[in-house]
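>>> Pasted the sequence and its predicted model underneath.
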Amino acid sequence: MMNNVISPEFDEDGRAMRRVRSFVRRQGRLTKRQEEAMTQLWPSVGVDFTPELLDFTVLFGRDAPVTLEIGFGMGTSLVEMAKQNPEKNYLGIEVHRPGVGACLADAQDAGVTNLRVMCHDAIEVLDKMIPDNSLHMVQLFFPDPWHKSRHNKRRIVQLPFAEKLRGKLAQGGIFHMATDWQPYAKHMLEVMTQAPGYGNISATQDYVPRPDTRPVTKFEKRGHRLGHGVWDLMFERMK
């Protein structure tokens, strides 16, 4: 497995370029279980970053609808979705190695075979590896809300990102977002309402009830007990 989650970028004069990123890479230590999973399972379940388009039929060994999850955390809900929907293929991207290791270990314990994972910057993966019109669904659950106003530009949901995703979604594909931070929910709604080529599938043209396809996480259950809200948004690629 390659350890760099960000590929270096240079301008025409060879100077390193900086891009605003939606994440901060935390250097967490892997548990023994996570380390063993990375060593033993990465060759079969992990996908290294390469600047070449993926062939999903080859990657999964079959032709089935592909769901991409960006930032799967520890992977608990992603593994659960893969287990509950064996007729679908799942590709998860996460930049933090402990989360990737935990996801690999849980996937093995659950016996799922329809899941592949990457440890790299999702924007670069979208740009270099995901074919156009290839995704059935993109999931973005509880991304970093970047609470402070001066950091709002770091939020991953912005117009350029929405337009990038639209090109990767198949016609009728869904972009599903969820957040527990209401200002970010409003931001998501504003951005996606402005984004061309999408339609909000909400009957009230704002938020949707949590679909059964999104498992409730321990973090979310704790939030509910404390009276915190969660907002789900689902937008369909119309054209």
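Structure received. Numbering: from 1, shown residues only.
>>> Could you point out the longest strand of this protein?
Counting by DSSP state E, the longest strand found in the chain is strand 169-179.
>>> What helices and strands are in contact with it?
strand 135-141, helix 182-194, strand 231-237 (3 or more Cβ pairs under 8 Å, 6 or more residues apart in numbering; DSSP states H and E). Bear in mind the C-beta positions are built from the backbone N, C-alpha and C, glycine included.
>>> Could you dump the ones you listed into a markdown table and include distance to Arg210?
Supplementary listing: the helices and strands packed on strand 169-179 in a markdown table, determined by distance: least, Cβ to Cβ, whole Å:
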| stretch | distance to Arg210 |
| --- | --- |
| strand 135-141 | 11 |
| helix 182-194 | 13 |
| strand 231-237 | 5 |
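>>> between the longest strand of the chain and strand 231-237, how many degrees?
170 degrees (axes from the mean of the first three to the mean of the last three Cα atoms, to 10 degrees).
>>> now for the helices and strands packed on strand 169-179, which one comes closest to Ala162?
Among the helices and strands packed on strand 169-179, helix 182-194 comes nearest to Ala162, with 6.0 Å by Cβ to Cβ.
>>> residues making contact with that closest one?
Under the criterion Cβ atoms under 8 Å, 6 or more residues apart in numbering, residues 143, 145, 147, 152, 155, 157-159, 162, 175, 177, 179, 198, 200, 206-207, 229, 231, 233, 235 lie in contact with helix 182-194.
>>> pLDDT wise, what is Gln108 at?
You'll see Gln108 listed with a pLDDT of 98.
>>> Just the element for the closest residue to it other than its chain neighbours, please.
With Cβ to Cβ, 6 or more residues apart in numbering as the criterion, Gln108 has its nearest non-adjacent residue at 6.0 Å, and that residue is Leu41. If you go by DSSP states H and E, Leu41 is part of helix 32-45.
>>> can you pull the buried residues of that helix?
The neighbour-count criterion (16 or more other Cβ atoms under 10 Å) identifies Gln34, Ala37, Met38, Leu41, Trp42, Val45 as the buried residues of helix 32-45.
>>> Could you do stretch 226-237 as well?
By neighbour count, with 16+ other Cβ under 10 Å as the criterion, the buried positions of stretch 226-237 are Val230, Trp231, Asp232, Leu233, Met234, Phe235, Arg237.
>>> Low-confidence ranges, this protein, go.
Within the chain, the stretches falling below the threshold (pLDDT under 70) are 1-27, 147-152.
>>> got the angle between whichever strand or helix holds His224 and strand 169-179?
Taking DSSP H and E as the criterion, the element that holds His224 is helix 218-225. Between helix 218-225 and strand 169-179, the angle comes out at 50 degrees (the same axes, to 10 degrees).
>>> Which residues are in contact with the residue nearest to Gln108?
Each residue near Leu41 by Cβ under 8 Å, 6+ apart is listed here: Leu104, Ala105, Ala107, Gln108.
>>> Show me just the buried residues among those residues.
Leu104, Ala105, Ala107, Gln108.
>>> what's the first-to-last distance across stretch 41-57?
Taking Cα to Cα, to the nearest Å, the span from the opening residue of stretch 41-57 to its closing residue is 20 Å.
>>> Please compute how far that stretch lies from its chain's middle.
For stretch 41-57, the distance from its own C-alpha centre to the chain's C-alpha centre is 16 Å (Cα atoms, centre = their mean, to the nearest Å).
>>> same deal with stretch 34-45?
If you compare the mean C-alpha spot of stretch 34-45 with that of the full chain, they lie 20 Å apart, counting by Cα atoms, centre = their mean.
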